[in-house]
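>>> Generate coordinates for the sequence data below:
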Amino acid sequence: MTGGGSKKILLGRIGAAHGIRGEVRLQSFTQNPVDIATYGPLETDKPGVSITISTLRPQKDPQKEMMVARLAGIGDRTAAEKLNGIALYIERERLPMPDTEDDFYHTDLIGLEARLPDGTVLGTVSAVPNFGADDLLEVKDERTGDTFLYPFTRAVVPQVHLSDGYLTLVPPLDAEPGEEEPD
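Below is the predicted model:
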């Protein structure tokens, strides 16, 4: 689907210890938070450490989007505390294919060329941030080093060609990158 070597995908992050029996809080970045437990052993950002989630349940506080996990081999609070902040990854190849042609993994978008409908290259997608509303595409102009944010909507990004390595971008309000907004 995309070129290059293997890509690790961040699925979650271990938080603080929860209780005295070795459970931890876990932030899941999967669409359905409990799905993180279905991927089997997860790689970490700590060399030589992999994590297997034995059990997973939502935290009782509905205001917090955290899960509570029991991890294989972790049986007390002291061991759980040592895992705080560890990121959990899998290889991109282990993820299922998106359900529809309009679904994309962020990692598959990063590195794509962003082109105007006439083929002019604006730059390369360098990130897909989300600051609480919808996903944005961060496009870096390689010539100037400037970055621009565009809403990742069908109107602004009408076509994504993963296999060809580019997406078509229609800047909103016909503003071209580098143009100043009126005061």
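>>> From here on, just use CA atoms for contacts and neighbour counts.
Noted.
>>> Distance of the residue most central in space within the chain relative to residue 80?
Among the residues of the chain, the one closest to the centroid is residue 106, at 5.4 Å (Cα atoms, centre = their mean). Using Cα to Cα, to the nearest Å, one gets 30 Å for the distance from residue 106 to residue 80.
>>> on that earlier part again, can you name the residues that contact the nearest residue to the residue nearest to the centre of the chain once chain neighbours are set aside?
Nearest residue to residue 106, sequence neighbours excluded (Cα to Cα, 6 or more residues apart in numbering): residue 128, at 6.2 Å. Taking Cα atoms under 8 Å, 6 or more residues apart in numbering, we find residue 128 in contact with 106, 109, 110, 135, 136, 137, 138.
>>> for residue 171, same thing?
150, 156.
>>> Which of the residues in the worst-scoring helix or strand of the chain on mean pLDDT are classified as buried?
Every helix and strand in the chain was compared by mean pLDDT, DSSP states H and E; the lowest is helix 106-109, with a mean of 88. For helix 106-109, burial by neighbour count (16 or more other Cα atoms under 10 Å) applies to 107, 108, 109.
>>> can you redo those as CSV with distance to residue 7?
As requested, the buried residues of helix 106-109 are exported to CSV (distance: Cα to Cα, whole Å):
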residue, distance to residue 7
107, 8
108, 9
109, 12
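>>> Pick out whichever of those residues sits closest to residue 32.
Nearest to residue 32 out of those is residue 107 (Cα to Cα; 18.0 Å).
>>> Could you chop this protein up by domain?
Structural domains annotated on the chain: 8-93, 106-174, as defined by automatic domain parsing.
>>> Save the ones you listed as TSV, and put in distance to residue 100 too.
Shown next, in TSV, are the domains of the chain (distance: least, Cα to Cα, whole Å):
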stretch	distance to residue 100
domain 8-93	14
domain 106-174	13
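>>> Would you confirm that residue 14 contacts residue 25?
Yes - at 6.1 Å, residue 14 and residue 25 qualify as touching, with contact defined as Cα atoms under 8 Å.
>>> Cool, thanks, talk later.
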